[in-house]
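Undergrad: Any chance you can model this:
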Amino acid sequence: MLPLRKVEIRRLFEQAAKDFPPQAEVAFLLQSLDDPRNVGSLFRIADAMGARELVFTGKTPTPPDDEIDRTSRGHDRRVSWRRIADTHEAVATLKAEGYQVVALETARGTQPFFEFAWSDRVCLVLGNETNGVYAGTLGQCDGAVFVPMYGKGPSMNVHVAAALVAYQVILHGGAGDSR
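TA: Sure thing, here's the model as predicted:
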């Protein structure tokens, strides 16, 4: 094997998009994230997977922000985003827009992300790096999923977990059981 040139990489991704078209639309709700680097990374992930938008709530930092811009490598200018300060209002708005609102959180009744019945329009709720998705927000969600951890740590970075779950949604969403 040899590395691909930029034009070959573009063709590879274009063909993959034709061969494996998204089965669902994805958005992200960021609830009071602290670290602008996580926000920047989520912009990159959202752009890579063609996410609809990022919704910022609580104290989540928003562009313009030097750290977000640096981490996102400019993707914060390519992905739609909006700020709805109150998380409960944001969830209600997203539901009214037809989203299945699902928390990425370890909580009672949560399911492994690969066993969840995804719809064709999903908003993933991502919680604060320390406190997770708040209990009041969990109560508003249509469900909750988690990423199983096989090592010794109890969690992974929020943007890494979001990428894993979001790709599952776009590849298998709207098909009921996504296994």
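Undergrad: And what about Leu29, helix, strand or coil?
TA: strand (DSSP: H, G, I helix; E, B strand; the rest coil).
Undergrad: can you check the one 10 residues further on too?
TA: In three-state terms, and counting by three-state DSSP, Val39 is helix.
Undergrad: gap between the residue nearest to it when sequence neighbours are not counted and Thr62?
TA: Among residues not flanking Val39 along the chain, Ile68 sits closest, at 5.1 Å (Cβ to Cβ, 6 or more residues apart in numbering). Any C-beta I mention is one placed from the backbone N, CA and C, and that applies to glycine too. Look at Ile68 and Thr62: by Cβ to Cβ, to the nearest Å, they are 8 Å apart.
Undergrad: which one of the two has more residues nearby?
TA: Of the pair Ile68 and Thr62, Ile68 is the one with more neighbours under other Cβ atoms under 10 Å, namely 22 against 15.
Undergrad: how about the more buried one, what does it touch?
TA: With contact set as Cβ atoms under 8 Å, 6 or more residues apart in numbering, Ile68 has these partners: Pro36, Arg37, Val39, Gly40, Phe43, Pro61, Thr62, Asp76.
Undergrad: any idea of the mean pLDDT for whichever strand or helix holds it?
TA: Using DSSP states H and E, Ile68 sits in helix 66-72. Taken as a whole, helix 66-72 carries a mean pLDDT of 94.
Undergrad: Show me what counts as buried in the helix or strand following that helix.
TA: Once the chain leaves helix 66-72, the next helix or strand it forms, by DSSP H and E, is strand 81-83. Judged by neighbour count using 16 or more other Cβ atoms under 10 Å, the buried positions of strand 81-83 are Trp81.
Undergrad: same check, this time on stretch 73-81
TA: In stretch 73-81, the ones that count as buried by 16+ other Cβ under 10 Å are His75, Asp76, Val79, Trp81.
Undergrad: among those residues, which two are most distant?
TA: Distances among the buried residues of stretch 73-81 were taken as Cβ to Cβ; the most separated pair is His75 and Trp81, at 10.7 Å.
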